[in-house]
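Chemist: All I have is the shape, not the residue letters:
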C-alpha cells in the first residue's frame, strides 16, 4: 500500500499570525495537523512542539511498528502506540509552559494519521478533524471535543444550543499534564483519500457537501483552503490530503483484498447489533474481530455447550442442527451466538460448515474490552442487545394466539 501526502496552511483573512502546524513524514507515513491556542506566539509554540514530539516518538518506535500485523493484537498495539505518542506530546507541551517556554495554559488540538501496512491508525484530541473520502462517500472519522458536541451527544437538540459552544474545547493537548486520546484503526483500500485538517477548513456544517465533491475530484490542499477562505472562514486554515493506492505490480491481487474489506464492512452493517454504526464505529468493532477460514464439515459450536462468541458468516454456508434435526441453513451475512456476548448459557443448537467458510467472530472478553475502551459505543450496543433480548423473552412468554 502506497501513500502520498500533500499539505498547505494559510493564516486566513483575519488572524495576525498562524497557530496551525502540520507534519508530513513519508518515511514514517505519519500525517499530523495541530491548531494552537493560548494567545500570541504561545499557540504557535504549542502546535509545533506537539507535532514534532509525536514525530520523534513514532520515529523512535519505527522498528516495533514495522513488526505489527493487522490482527486484533497488532491493531490494539498500534492504537496504544498512537495514544501514547499524543499523551507524550501533551506532557511535553505542558512542561514547556510550566518551565517558561511559552505561556501558562497554552495548548493545541491534534489530529493524526499513521499508516502501517494496509491499515491507518487515527489519533485525535480537540476539534481538528480526519475525514475519509471513499467511493463517493465522505466519512468523518473523528468527533469534536467541544462543549457543543458533548451536549448534542447527550441528546440536546443542536438547533437549540448556542453555536459559540462549538468553539469551547473540552480536551486539548498540553493544557494539562495528560489527556484522553481518541484512537481507531481503519482498513485502507485503493483510491482512498484521507483529509487531516484544522477546524478553519470546515467552518459551518454546510461546507461538507462541497468538501466531499472537491475531495472526490482530487483537489489539492491549496484549493480546499482557498474555498474555505472564499466561503467566509475567519480562522487559520490547514489541510493535509493523503492519497492511498496500490503499486501497479500488485494491484490485481490487492484489489481482491479490497473487495473483501468492503464486503466485511457491508456484512457488519447488516448485523442488527451493528447496523446503525458509522464507519468509524464499525472500524472499532473490526479491531476486535477474528477471521477464520474453515473447511466443510467443521463444527463451529455444539448444542448444550456454553458459548462465549458471536459468529458472522462472511462467505460460505453453515447448517443449524437442533436435537439431531437440521432446522436452518445460513449464508453470507448471517450471524449467530450474539447473546453469548453477555451470557454464557448453553448453546441451543449445533452449527456446522457445509462449504468452505470465512467466519468472523468476537469473544465476550473482546466485547467487554470494546465497551470499556469506548463507553459511548458500548452503551449503544448494550442497549441494542437488551432490546432484542426483551423481544425474545416476550415472544417466548406470549401464549399461542395471544
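Modeler: Received, thanks. Everything numeric here is computed off the predicted structure, so don't read it as measured data.
Chemist: ok, which stretches of the stretch 101-250 of the chain are helices?
Modeler: Taking DSSP state H, counting those that start in this stretch to define them, one finds helices in the stretch 101-250 of the chain at 147-153, 208-216, 221-230.
Chemist: Make JSON lines from those helices and add distance to residue 12 and mean neighbour count to it.
Modeler: Every C-beta, even on glycine, is put in place using the N, C-alpha and C of the backbone. What follows is the helices of the stretch 101-250 of the chain, written out as JSON lines (distance: least, Cβ to Cβ, whole Å; neighbours: other Cβ atoms under 10 Å):
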{"stretch": "helix 147-153", "distance to residue 12": "21", "mean neighbour count": "16"}
{"stretch": "helix 208-216", "distance to residue 12": "17", "mean neighbour count": "15"}
{"stretch": "helix 221-230", "distance to residue 12": "6", "mean neighbour count": "18"}
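Chemist: and residue 255, what does it touch?
Modeler: With Cβ atoms under 8 Å, 6 or more residues apart in numbering as the criterion, the residues that contact residue 255 are 190, 246.
Chemist: now with 10 Å?
Modeler: By Cβ atoms under 10 Å, 6 or more residues apart in numbering, residue 255 lies in contact with 189-191, 246.
Chemist: that older thread, any chance of the helices of the stretch 101-250 of the chain in TSV, plus distance to residue 80?
Modeler: As requested, the helices of the stretch 101-250 of the chain are exported to TSV (distance: least, Cβ to Cβ, whole Å):
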stretch	distance to residue 80
helix 147-153	25
helix 208-216	30
helix 221-230	30
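Chemist: Of those, which is nearest residue 57?
Modeler: Among the helices of the stretch 101-250 of the chain, helix 221-230 comes nearest to residue 57, with 24.9 Å by Cβ to Cβ.
Chemist: just checking, what packs against that closest one?
Modeler: In this structure, helix 221-230 packs against strand 2-10, strand 193-197, helix 208-216, strand 237-245, with contacts taken as 3 or more Cβ pairs under 10 Å, 6 or more residues apart in numbering; DSSP states H and E.
Chemist: Just want the angle from it to strand 2-10.
Modeler: For the pair helix 221-230 and strand 2-10, the angle between their directions (axes from the mean of the first three to the mean of the last three Cα atoms, to 10 degrees) equals 40 degrees.
Chemist: Please compute how far helix 221-230 lies from its chain's middle.
Modeler: 26 Å (Cα atoms, centre = their mean, to the nearest Å).
Chemist: do you know how far the closest residue to residue 57 other than its chain neighbours is from residue 179?
Modeler: Here the nearest residue to residue 57 in space, its sequence neighbours aside, is residue 85; by Cβ to Cβ, 6 or more residues apart in numbering that works out to 4.2 Å. Between residue 85 and residue 179 the distance is 12 Å, computed by Cβ to Cβ, to the nearest Å.
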